[in-house]
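Trainee: Sequence and predicted model, in that order:
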Amino acid sequence: MVPPTPISIPHFVETQLQLLLLEHEAEVSSSSLATTAASVSPATRRTLQATGYALTGLVLSQCRTGLGGRVVGEFAPDPAVSSGKSDDNRASGGQPRLGSHGIRVGDVVRVNDVSAGNAKKIGKDKGKDSGAKDKGGPEGVVTRVNDKAIWIAFGQQGKGGGTSKEDDEAIEELWGKKLWAMRQTMEKMAKMTESDHSHFMRVAFGHTTPLEPDYEDIGAVEFSDPTLNDSQKDAIRFALASKDIALIHGPPGTGKTHTIIELIIQMVQRNKRILVCGPSNISVDNIVERLAPKKVPVVRVGHPARLLPSVLEHSLEVLTQTSDAASIVKDVRKEIDEKQASIRKTRTGRERRAIYDDLKQLRKEFRERESKCVDNLVRESSVAVATLHGAGGHQLKNQKFDVVIIDEASQALEAQCWIPLISAEKVILAGDHLQLPPTVKSTNLKSKQGADKKDDGSTKEILKGVSLERTLFDRLLSLHGSEIKRMLTTQYRMHERIMRFPSDELYESKLMAGDAVKSRLLADLPYETQGTDDTQEPLVFWDTQGGDFPEKAEDKEIGQKEALLGESKSNEMEAMVVARHVDNLVKAGIKPEDIAVITPYNGQLSVLSQMLREKYPGLELGSVDGFQGREKEAVVVSLVRSNAEHEVGFLGEKRRLNGKLVPP
Ligand SMILES: Nc1ncnc2c1ncn2[C@@H]1O[C@H](COP(=O)(O)OP(=O)(O)OP(=O)(O)O)[C@@H](O)[C@H]1O
């Protein structure tokens, strides 16, 4: 192997810290845009809502204490607004419906001024320990959404104030948990000396080359899943045999997660302890859901409100309260409650002080026992599963793993990956560097603000040629070449003809279509459909050239909307064509739930939402970037751009057109 050009770790860390600072600045400025959402005009509000920026006109309809002492508020449309002129919130079956929005379970949202009374109530429930800020309402995590309400879990009730940490917590909250965890990891890396660097770290920065995989060491591999294809088996063998780094390159629908599940089973059989991470809760919950039926002992680390209900029984936090191992913790908890209750019966200050002293001791013991219980629970499981930033939490502090696997690694920022990797010995990254990288808000800000900020110009120098969007997956590939990767080559999502474009343009024509999908058409769906041109052809193009379908930039008179949506574009005539096509599909018997309409421009999404949302409530409307990795039977893509100059803007990015066109 040709020795790679080494990268200076301190220089890398300094660059990342600068970039994270810029990202933080960008987040702050975009969240203040979101906070203004409540005060904008009804037209703009509808646009914001339709594009997923905000949900407005809500009231707090119920409040209860949920798992882990968290306050869960149920928010529903304000009947006063929905019975009025707003189309979005028109009453249906007695109870008003939420308007269209892009808010999903697991999102962190801020509740702003829903109505003066309610906003105040949530802020109070949240209490000072969650640090509600003056500048906006309280923040919480979305735990459930249906068409009539949205449930949000806020901070812990009665947690008891840890005063000394308040400042730290305030900074952490200001930064947002994800960015903060990355910053802390980078600072930890900055403090390391050369002798602290692990072999993997030296490989990752090109200070040494990866070791040769040892196939003899792993012995014969007996696959538990008989359906695995050859490229999947090959990737598993390679990942088992590798000593430090293996990349599993999974183009859309090629069974990346499927492969990881078998890989984990194989590693557990070889008595390895594994930490599995991914950038989002959904990505890692998906792994827990698929591992659990295989009887692999797995524990999911993370805030229960963010987990899918189906994985709660594996949640470390829930197990800490319910498992046998938790009984020693329960005893102390009971004692604390009793002591606390006895304060009321005291007569003198001295008696009270004595109780406070006891309580202090008991709380200390509680923390110690709880941490022991957590350690034991994690140690008993062969597999721990967490989001990348969750892997930095105290629960995993004392744990050592043989292998760290990161799924969706090309969707994660490199600094985020280092949270679990800082002490890793062997690493498997699964991803696809030819799909869109993670969304970075600071990309456009960088040149405007950050790079010119420091007087001495050193920031500018440091940031030259680098961006947060460059993922670890991509960087390792360019550093060590394709010898460290195996590619999965059979995809199980697209008709062969749809696959041809991404295969030829991005994957060197290496993709093949699985037998079950390669010639599957909408007309073959397992319910009754009519054979029409639209259902018997896997790919249909509507030609809009010739000047009758002009694109337009957002309405100049709505300044605020323009600011919020960026320089978004729309194309009303094209939207009408899309609506016609959807009508045709539905007339041919395709269920609206099986159809997605996606577009790269938020402005167009707003136009399409207004045309289609009410007519087909089951239809999915979304942005191209937001749809990555999902699937639907029929996908209608509205490309919007149409101008005499032949400008296509950010559509020129090949990765944006990859993997969107799904079966059949
Ligand atoms: N060897 C196989 N034989 C048959 N079907 C398979 C095989 N491997 C994967 N699949 C199917 O392919 C689909 C995609 O699998 P999976 O969700 O694991 O893919 P992925 O590559 O992680 O997807 P994404 O494109 O979202 O990253 C699933 O429906 C899965 O059941």
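Mentor: Happy to help now that I have it. In this text, all values refer to a predicted model and were calculated from it rather than measured experimentally.
Trainee: from here on, contacts and neighbour counts on C-alpha atoms
Mentor: Will do.
Trainee: what are the phi and psi values for residue 110?
Mentor: Listed backbone geometry of residue 110 is phi -110, psi 130, with angles given as degrees, to the nearest 10.
Trainee: How many residues are close by the residue of the stretch 351-500 of the chain at minimum distance from the ligand?
Mentor: Ranking the residues of the stretch 351-500 of the chain by distance to the ligand (Cα to the nearest ligand atom) places residue 492 first, at 4.4 Å. Counted with other Cα atoms under 10 Å, residues neighbouring residue 492 total 20.
Trainee: pretty sure it contacts residue 516?
Mentor: Yes: between residue 492 and residue 516 there is a contact under Cα atoms under 8 Å: 7.3 Å.
Trainee: tell me the contacts of the nearest residue to residue 247 once chain neighbours are set aside?
Mentor: Among residues not flanking residue 247 along the chain, residue 485 sits closest, at 4.4 Å (Cα to Cα, 6 or more residues apart in numbering). Contact analysis of residue 485 by Cα atoms under 8 Å, 6 or more residues apart in numbering lists 246, 247, 248, 249, 477.
Trainee: Which residues of the stretch 401-550 of the chain lie near the ligand?
Mentor: Contact residues (Cα under 6 Å from any ligand atom) of the stretch 401-550 of the chain with the ligand: residue 492.
Trainee: quick one: low-confidence ranges for the stretch 401-550 of the chain?
Mentor: Along the stretch 401-550 of the chain, segments meeting pLDDT under 70 span 439, 441-466, 547, 549.
Trainee: give me the number of residues near the residue nearest to residue 410 when sequence neighbours are not counted?
Mentor: Distances taken as Cα to Cα, 6+ apart put residue 431 closest to residue 410, at 5.1 Å, once the chain neighbours are dropped. If you count neighbours by other Cα under 10 Å, residue 431 ends up with 25.
Trainee: and if you look at residue 295?
Mentor: 9.
Trainee: Longest helix of this protein, counting residues only.
Mentor: helix 349-380 (DSSP state H).
Trainee: Does that one pack against any helices or strands, and if so which?
Mentor: In terms of contacts (3 or more Cα pairs under 8 Å, 6 or more residues apart in numbering; DSSP states H and E), helix 349-380 is packed against helix 316-322, helix 327-342.
Trainee: what's the closest of the ones you listed to the ligand?
Mentor: Nearest of those (Cα to the nearest ligand atom): helix 316-322, 24.9 Å.
Trainee: Show me what the closest one is packed up against.
Mentor: Secondary-structure packing of helix 316-322 (3+ Cα pairs under 8 Å, 6+ apart): helix 327-342, helix 349-380.
Trainee: rerun at 10 Å
Mentor: Helix 316-322 sits against strand 298-300, helix 327-342, helix 349-380, with contacts defined as 3 or more Cα pairs under 10 Å, 6 or more residues apart in numbering; DSSP states H and E.
Trainee: helices and strands around the first one, which ones?
Mentor: Pointing back at strand 298-300 there. Against strand 298-300 (3+ Cα pairs under 10 Å, 6+ apart) you get strand 274-278, helix 281-291, helix 316-322, helix 349-380, strand 383-387.
Trainee: I'd like these laid out as CSV, including mean neighbour count and mean pLDDT.
Mentor: Shown next, in CSV, are these (neighbours: other Cα atoms under 10 Å; pLDDT from 0 to 100):
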stretch, mean neighbour count, mean pLDDT
strand 274-278, 26, 96
helix 281-291, 20, 89
helix 316-322, 19, 78
helix 349-380, 16, 84
strand 383-387, 27, 94
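Trainee: Out of the contacts of residue 485, the closest to the ligand would be?
Mentor: residue 249 (9.0 Å).
Trainee: quick one: contacts for residue 425?
Mentor: 198, 199, 200, 201, 243, 244, 245, 400, 401, 402, 403, 404 (Cα atoms under 10 Å, 6 or more residues apart in numbering).
Trainee: Inside helices: which ones of these?
Mentor: Here DSSP H is the test, and the contacts of residue 425 give 199, 200, 201 as lying in helices.
Trainee: who wins for most neighbours among these?
Mentor: For the ones in helices among the contacts of residue 425, neighbours tallied by other Cα under 10 Å; top is residue 200, 24 neighbours.
Trainee: follow-up on the earlier one: can you list phi and psi of the residue of the stretch 351-500 of the chain closest to the ligand for me?
Mentor: Note on residue 492: its backbone torsions stand at phi -120, psi 30 [degrees, to the nearest 10].
Trainee: Do I have it right that it meets residue 252?
Mentor: Yes: at 8.6 Å, residue 492 counts as touching residue 252 under the criterion of Cα atoms under 10 Å.
Trainee: Would you mark the buried spots in stretch 572-590?
Mentor: 572, 574-575, 577-579, 581-586, 588-590 (16 or more other Cα atoms under 10 Å).
Trainee: ok, the residue in the stretch 51-200 of the chain positioned nearest to the ligand - how many residues close by?
Mentor: Per Cα to the nearest ligand atom, residue 104 is where the stretch 51-200 of the chain lies closest to the ligand, at 17.6 Å. Residue neighbour count, defined by other Cα under 10 Å, stands at 16 for residue 104.
Trainee: Doesn't it lie inside a strand?
Mentor: No: note on residue 104: no strand contains this position according to DSSP: H, G, I helix; E, B strand; the rest coil, which reports coil.
Trainee: Begin at 63 from now on, thanks
Mentor: Shifting the count to begin at 63 puts that one at residue 166.
Trainee: Tell me which residues touch it, please.
Mentor: 114, 203, 204, 205, 206, 207, 208, 212.
Trainee: Buried subset of the residues you listed, written for PyMOL?
Mentor: This is the PyMOL syntax for the buried subset of the contacts of residue 166, where burial follows 16+ other Cα under 10 Å:
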select buried, resi 114+203+204+205+206+207+212
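Trainee: Sort the contacts of residue 166 by pLDDT and name the bottom one.
Mentor: For the contacts of residue 166, the weakest pLDDT value sits at residue 114, with 55.
Trainee: for the stretch 513-662 of the chain, what spans make up the helices?
Mentor: Listed in chain order, the helices of the stretch 513-662 of the chain (DSSP state H, counting those that start in this stretch) span residues 520-525, 534-542, 558-568, 595-598, 621-627, 634-649.
Trainee: Any chance of those helices in CSV with distance to residue 173 as columns?
Mentor: Formatted as CSV, the helices of the stretch 513-662 of the chain follow (distance: least, Cα to Cα, whole Å):
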stretch, distance to residue 173
helix 520-525, 35
helix 534-542, 35
helix 558-568, 41
helix 595-598, 43
helix 621-627, 18
helix 634-649, 33
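Trainee: Out of those, the one nearest residue 358 is which?
Mentor: Between residue 358 and the helices of the stretch 513-662 of the chain, the tightest spacing by Cα to Cα is seen for helix 534-542, at 27.3 Å.
Trainee: Would you confirm that residue 653 contacts residue 682?
Mentor: No: assessed by Cα under 10 Å, residue 653 is found out of contact with residue 682, at 11.2 Å.
Trainee: Show me which positions of stretch 542-552 end up buried.
Mentor: Residues 542, 546, 547, 548, 549, 550, 551, 552 are the ones in stretch 542-552 that count as buried (16+ other Cα under 10 Å).
Trainee: any idea how far the third one lies from residue 246?
Mentor: It stands for residue 547. Distance of residue 547 to residue 246, computed by Cα to Cα, to the nearest Å: 30 Å.
Trainee: same deal with residue 312?
Mentor: Taken as Cα to Cα, the span from residue 312 to residue 246 is 31 Å.
Trainee: what about these two, which has more around it?
Mentor: The neighbour comparison of residue 312 against residue 246 (other Cα under 10 Å) goes to residue 312, with 24 against 16.
Trainee: Please name the residues that touch that one.
Mentor: 294, 318-319, 321, 470, 492-496, 548-553.
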